[in-house]
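Colleague: 3D model of this:
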Amino acid sequence: MSETEGSAPSGGDRPPSVDALARDLADTGLPHPLLVDVARRAIADGDVAAARSHAEALGRALLQPVVNATGVLLHTNLGRAPMAVQADARYTNLELDLASGRRGSRSAHAASLLARLCDAEAALVVNNGAAAVLLVLAALAGGRDVAVSRGELVEIGGGFRVPEVLAQSGARLVEVGTTNRTRLADYRGVDADLYLKVHQSNYRIVGFTESVSVRDLAEAVDGPVVVDLGSGLIDAACQWLASGPPAWLADEPAARQALADGAALVTFSGDKLFGGPQAGVIAGQKELVDRCARHPLARALRPGQLVLNAMQQTALAYLRRDGMAIPFWRMVSVPVEELRARAASMIAGEVVLCESVPGGGSVPGLAIPSAGVALDGDRTAELRAADPPIIARVVDGRTVLDLRTVDPADDGALAKVLCAL
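Modeller: Coordinates of the predicted model:
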């Protein structure tokens, strides 16, 4: 039997076998092949005692639930919108028409519901918001001119830049206006095949500014107007909330209103204000949506049934006007008084008023009153080491845990960790 495959160490300075050390780490819950990798590394480093810490570090590096106490509701690093979607281990009618028994369309389910929500003729779901913009430009304006205001040539997280996406789609960028002021005459001065308006969803230009509304642009130009909303607000009326639209949403553009104002298509993300999974939505005129669906890129950008199921369940909640079934809207609607009461029940730490933000490149510069618990000093590393990991932020030398983004079901675990600290 070889040294690396034998049983437990025989004593002295001889290191244990890889297999024996890996088996000794089985209680970490990691699969044996990964524990073998950990054991080999520890033995090669001459530090067998470090094997367990290596295994624990590997386990913590895997995707897992965390408690979001940052106050950022759509935290990109934490998966943006939390979801409560169930999927049974069963086949689905993903591309089967149950009435005829023939092949069906992926757009017959979630996409049709999204079209209904937006009051659009048709909709299409792709794998993220950037993909939605790319597909629209490639399908409708490949090799042709697309007019965009210089004030809307944005870059968002991950290096997504509108000019670069335009170039990848094969469309030609025609810049109009200036960074801070674009007038209707600027659009009329160009002969473009498509007019793209991009919502400045993660920043604001203030002061000496001017821009053109969707309605005015759609009435003034001959080509289709496409509006990239980005943040994914479905309807400015927020009919899914009993209290109506919250004050912090006052200036946020919505899909339903943009289409009513004359946009031929709108695009937006599924995991932002929509409150669903990572996805991109194209909604609007059926003829244009169909052209996008027929483009070769559409197959490369299509989502799987798990995403489509999550989009369907989220859309159904909107149609039921049940905003409390969507975790994002449930969290954002909690009264500050209720958050203060929860903070007081933690016992440890000081109850503080704070401010949450929508996050995820949505509604920049606006804050939502909140409450939480504060600890002196930077305790974020200790909180991340908890089980489950707790993610907080440091403000003015204190660690603040904002309870607006903490599910009440996690309050007990949070209180336990705070008392231990």
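Colleague: in the stretch 151-300 of the chain, which ranges drop under the pLDDT threshold?
Modeller: Within the stretch 151-300 of the chain, the stretches with pLDDT under 70 are 156-159, 201-204.
Colleague: all strands for it, in order.
Modeller: Counting by DSSP state E, counting those that start in this stretch, the stretch 151-300 of the chain has these strands, from start to end: 155-156, 160-161, 172-176, 194-198, 225-230, 265-269, 280-284.
Colleague: and the strands in the stretch 301-421 of the chain, which stretches?
Modeller: Going by DSSP E, counting those that start in this stretch, the stretch 301-421 of the chain shows strands at 350-359, 368-376, 390-391, 393-395, 398-402.
Colleague: what residues does the fourth one touch?
Modeller: So the one you mean is strand 393-395. 69-71, 354, 374, 378, 380, 399-400, 402 (Cβ atoms under 8 Å, 6 or more residues apart in numbering). Every C-beta, even on glycine, is put in place using the N, C-alpha and C of the backbone.
Colleague: just the buried ones from those?
Modeller: Buried residues within the contacts of strand 393-395, counting neighbours by 16 or more other Cβ atoms under 10 Å: 69-71, 354, 374, 380, 399-400, 402.
Colleague: quick check: the farthest pair among these?
Modeller: For these, the farthest-apart pair by Cβ to Cβ is Cys354 and Thr380; their separation is 15.3 Å.
Colleague: which ones are touching the closest residue in space to Asn128 that isn't next to it in sequence?
Modeller: Spatial nearest neighbour of Asn128, excluding adjacent residues (Cβ to Cβ, 6 or more residues apart in numbering): Gly280 at 4.9 Å. Contact analysis of Gly280 by Cβ under 8 Å, 6+ apart lists 125-133, 267-270, 301.
Colleague: likewise Glu382?
Modeller: By Cβ under 8 Å, 6+ apart, the contact list for Glu382 reads Leu421.
Colleague: picking that back up, tell me which of the strands of the stretch 301-421 of the chain is the most buried.
Modeller: When the strands of the stretch 301-421 of the chain are scored by mean count of other Cβ atoms under 10 Å, the highest mean neighbour count falls to strand 398-402 (a mean of 24).
Colleague: just the angle between it and strand 368-376, please?
Modeller: Angle of strand 398-402 versus strand 368-376, following axes from the mean of the first three to the mean of the last three Cα atoms, to 10 degrees, is 140 degrees.
Colleague: what helices and strands are in contact with strand 398-402?
Modeller: The contact analysis (3 or more Cβ pairs under 8 Å, 6 or more residues apart in numbering; DSSP states H and E) places strand 398-402 against strand 350-359, strand 368-376, helix 380-384, strand 393-395.
Colleague: at 6 Å instead, please
Modeller: strand 350-359, strand 368-376 (3 or more Cβ pairs under 6 Å, 6 or more residues apart in numbering; DSSP states H and E).
Colleague: unless I'm mixing things up, His109 is touching Gln313, no?
Modeller: No: shown here, His109 and Gln313 do not form a contact pair, counting by Cβ atoms under 6 Å, at 10.6 Å.
Colleague: circling back: from Thr92, how far off is the residue nearest to Asn128?
Modeller: Using Cβ to Cβ, to the nearest Å, Gly280 is found at 21 Å from Thr92.
Colleague: ok, Asp261 touching Arg215?
Modeller: Yes: under the criterion of Cβ under 6 Å, Asp261 makes contact with Arg215 at 4.0 Å.
Colleague: what about Gly397, neighbour count?
Modeller: 8 (other Cβ atoms under 10 Å).
Colleague: per-residue confidence for it?
Modeller: Gly397 carries a pLDDT value of 95.
Colleague: same question for Ser7.
Modeller: pLDDT, Ser7: 40.
Colleague: over to Gly365?
Modeller: Reading off the model, Gly365 has pLDDT 69.
Colleague: just the one 10 residues further on next, same as before
Modeller: We have a pLDDT of 96 for Leu375.
Colleague: for the one 4 residues further on, same thing?
Modeller: In this model, Arg379 is scored at 96, pLDDT.
Colleague: quick one, phi/psi of it?
Modeller: With angles defined as degrees, to the nearest 10, Arg379 sits at phi -110, psi 20.
Colleague: thinking it is in contact with Val400, fair?
Modeller: No: taking contacts as Cβ under 6 Å, Arg379 lies outside contact range of Val400: 10.2 Å.
Colleague: show me the contact partners of whichever strand or helix holds Ala132.
Modeller: If you go by DSSP states H and E, Ala132 is part of helix 129-141. Under the criterion Cβ atoms under 6 Å, 6 or more residues apart in numbering, residues 126, 160, 165, 169, 171, 193-194, 226, 228, 267, 269, 280, 282, 291-292, 295, 297, 301 lie in contact with helix 129-141.
Colleague: could you export that helix as CSV, CA atoms only?
Modeller: Only the C-alpha atoms of helix 129-141 are listed here, as CSV (Å, rounded to 0.1, in the frame of the first residue of the first chain):
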residue,chain,number,x,y,z
GLY,A,129,-30.4,43.6,-18.6
ALA,A,130,-27.3,44.1,-20.7
ALA,A,131,-28.2,41.2,-22.9
ALA,A,132,-31.6,42.8,-23.5
VAL,A,133,-30.0,46.0,-24.8
LEU,A,134,-27.5,44.0,-26.9
LEU,A,135,-30.2,41.9,-28.5
VAL,A,136,-32.4,44.8,-29.3
LEU,A,137,-29.6,46.8,-31.0
ALA,A,138,-28.3,43.7,-32.9
ALA,A,139,-31.8,42.7,-34.1
LEU,A,140,-33.1,46.2,-35.0
ALA,A,141,-30.1,48.3,-35.8
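Colleague: for the next helix or strand after that helix, list the C-alpha coordinates in PDB.
Modeller: Reading on from helix 129-141 to the C-terminus, the next helix or strand found by DSSP H and E is strand 145-149. Extracted C-alpha coordinates of strand 145-149, given in PDB (Å, rounded to 0.1, in the frame of the first residue of the first chain):
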ATOM      1  CA  ASP A 145     -27.400  54.400 -37.000                       C
ATOM      2  CA  VAL A 146     -28.500  54.700 -33.400                       C
ATOM      3  CA  ALA A 147     -28.900  58.100 -31.900                       C
ATOM      4  CA  VAL A 148     -28.100  58.500 -28.200                       C
ATOM      5  CA  SER A 149     -27.800  61.600 -26.100                       C
END
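Colleague: now what about stretch 329-340, what contacts it?
Modeller: The contact list for stretch 329-340 (Cβ under 6 Å, 6+ apart) reads 323-324, 369-371, 403-404.
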